[in-house]
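Enquirer: one predicted model, sequence on top.
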Amino acid sequence: MEPRYPKLLCFSFALLFSFTFLPNPVSPLSPCSFPAVFNFGDSNSDTGGLSAAFGQAPSPNGETYFGAPAGRFSDGRLIIDFIAESLGLPYLSAYLDALGSNFSHGANFATAGSTIRPQNTTMAQSGYSPISLNVQFVEFSDFRNRSQIFRNRGGVFQELLPKEEDFAAALYTFDIGQNDLTAGYKLNMTTEQVKAYVPDLLDSLSNIIKYVHARGARSFWIHNTGPVGCYPYVMDRFPITAAQVDKHGCASPYNEVAQYFNSRLKGAVAQLRKDLPEAAITYVDVYSVKYRLISQARKQGFMDPFKVCCGHGGKYNYNQAFKCGAKIKVGGKEVVISKSCENPRVRISWDGVHFTEAANKWIFDRIVDGSFSDPPIPLRMACHRVDH
């Protein structure tokens, strides 16, 4: 009979090796209990900010899940909604929305069209929101102070506003930068010119994160930017040659800029970890997940990844002049010409700019466990600092 001891010795050595040489194993960590989420960003995570300030995102936005417009530029829920759900929290109310809002579990400062640095144009001229990231921080700082003044008055304010201790225990999410990149192309900049101002963008973002940290934040969940070269609105508006189209049909120059932004963002996050030793900062590679979804659309149960669900005309069913929900007058009556497709659940692009609920859910399901995070830590453990 073959002796058992050598096998047992090998197993013991392997177990010892795994705990000795693997940096800070995640498994012993306990799940965090986030009482609130505070979000900063653009339309990828706007749950009603722009709608509150400039008018509701029109029908058929919101139709799949909410049954009516709900301040989101999608047919249903966004990634930030799935984040809230997974943490056992209600959906985040937009800070700017005065009607029906409940901030006891956090607040959303994101607005569609937001950028990291302020744009020198009006919203009517460029489509970019005046609520840039620095303004979102001012809103947060004001909310941080005034919410406690009102909460201390008791009554309904205690039910609708967060507790003082919730600010330190909350999760702070960031998803912004996409519009800063396309802004340069709208000004006819070259790819190299756009890349040249990326370091300035990330300096601004890092400063805001430091300011938020100084106001008590300790747990950060930061998304990088997506593959903008795969988005119908970019491919429709900005010219590319056949040689600049990759094997999956995306525009390589614009994805190259996004990847450059992301590599610099990852470096900025690494520096923030050094500068903020009390903070747990998770960098989430949503670019890779979104690109995988688009490049493997049919394999994952979706249809043509470039065909817009809610649009009108053009190569991709996208027309900048007739965005989702657009109407025209026919015989004196308003008629919707940019309607939803029959089954949004098999589409990736909702309106040429944003993802469908089905795509958002697919993306969330792949980032929630930490598989695309640095450090590779699940969402529910993002309060733990894991040095590596």
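Expert: The structure has been received and is ready for your questions.
Enquirer: CA atoms for contacts and neighbours, from now on please.
Expert: Noted.
Enquirer: any idea how far residue 298 is from residue 372?
Expert: Summarising the geometry, the distance separating residue 298 from residue 372, computed by C-alpha to C-alpha, to the nearest Å, is 22 Å.
Enquirer: same check on residue 41?
Expert: Here residue 41 is placed at a distance of 20 Å from residue 372 (C-alpha to C-alpha).
Enquirer: of those two, who's got more company?
Expert: For the pair residue 41 and residue 372, the greater number of neighbours falls to residue 41 (27 against 19), based on other C-alpha atoms under 10 Å.
Enquirer: can you pull the phi/psi pair for that one?
Expert: The phi and psi torsions at residue 41 (degrees, to the nearest 10) take the values phi 170, psi -160.
Enquirer: got a pLDDT number for it?
Expert: Residue 41 is assigned a predicted lDDT (pLDDT) of 98.
Enquirer: same question for residue 212.
Expert: pLDDT for residue 212: 98.
Enquirer: you'd agree it is in a helix?
Expert: Yes - counting by DSSP: H, G, I helix; E, B strand; the rest coil, residue 212 falls inside a helix.
Enquirer: what is the burial count for it?
Expert: Other residues within reach of residue 212 by the criterion other C-alpha under 10 Å amount to 18.
Enquirer: residue 192 falls within a helix, correct?
Expert: Yes - under three-state DSSP, residue 192 falls within a helix.
Enquirer: gap between it and residue 64?
Expert: Distance from residue 192 to residue 64, counting by C-alpha to C-alpha: 40 Å.
Enquirer: more crowded one of those two?
Expert: Using other C-alpha under 10 Å, the more surrounded residue of residue 192 and residue 64 is residue 64, with 19 against 10.
Enquirer: secondary structure element holding that one?
Expert: Remark: residue 64 resides in no helix or strand, with elements defined by DSSP states H and E.
Enquirer: phi first, then psi, for the residue nearest in space to the middle of the chain.
Expert: Closest residue to the average C-alpha location of the chain: residue 175 at 3.8 Å, with C-alpha atoms, centre = their mean. With angles defined as degrees, to the nearest 10, residue 175 shows backbone torsions of phi -150, psi 90.
Enquirer: before we move on, what about residue 143?
Expert: Backbone dihedrals for residue 143, given as degrees, to the nearest 10, come out at phi -60, psi -40.
Enquirer: counting neighbours, what do you get for it?
Expert: When counting by other C-alpha under 10 Å, one arrives at 16 neighbours for residue 143.
Enquirer: ok, it - contacts?
Expert: With contact taken as C-alpha atoms under 8 Å, 6 or more residues apart in numbering, residue 143 is in contact with no other residue.
Enquirer: could you do the one 4 residues further on as well?
Expert: Under the criterion of C-alpha under 8 Å, 6+ apart, the contact partners of residue 147 comprise 161-162.
Enquirer: these two touch, right, residue 306 and residue 314?
Expert: No - with contact defined as C-alpha atoms under 8 Å, residue 306 does not reach residue 314; the gap is 11.6 Å.
Enquirer: show me which of these two is the more surrounded one.
Expert: The residue with more neighbours, out of residue 306 and residue 314 and counting by other C-alpha under 10 Å, is residue 306; that gives 24 against 12.
Enquirer: for that one, helix, strand, or coil?
Expert: From three-state DSSP, the assignment for residue 306 is coil.
Enquirer: for it, give me the pLDDT.
Expert: On pLDDT, residue 306 comes in at 98.
Enquirer: phi and psi next, for it.
Expert: Recorded main-chain torsions at residue 306 are phi -100, psi -10, according to degrees, to the nearest 10.
Enquirer: residue 313 now?
Expert: Per-residue torsions, residue 313: phi 70, psi 180 (degrees, to the nearest 10).
Enquirer: which residues touch it?
Expert: Contact partners of residue 313, counting by C-alpha under 8 Å, 6+ apart, are residue 319.
Enquirer: gap between it and residue 320?
Expert: The gap separating residue 313 from residue 320 is 10 Å, by C-alpha to C-alpha.
Enquirer: with residue 220 instead?
Expert: Counting by C-alpha to C-alpha, the gap from residue 220 to residue 320 is 35 Å.
Enquirer: got it, and residue 189?
Expert: Using C-alpha to C-alpha, one obtains 20 Å as the distance from residue 189 to residue 320.
Enquirer: quick one: residue 122 and residue 51, what's the gap?
Expert: Relative to residue 51, residue 122 is positioned 17 Å away (criterion: C-alpha to C-alpha).
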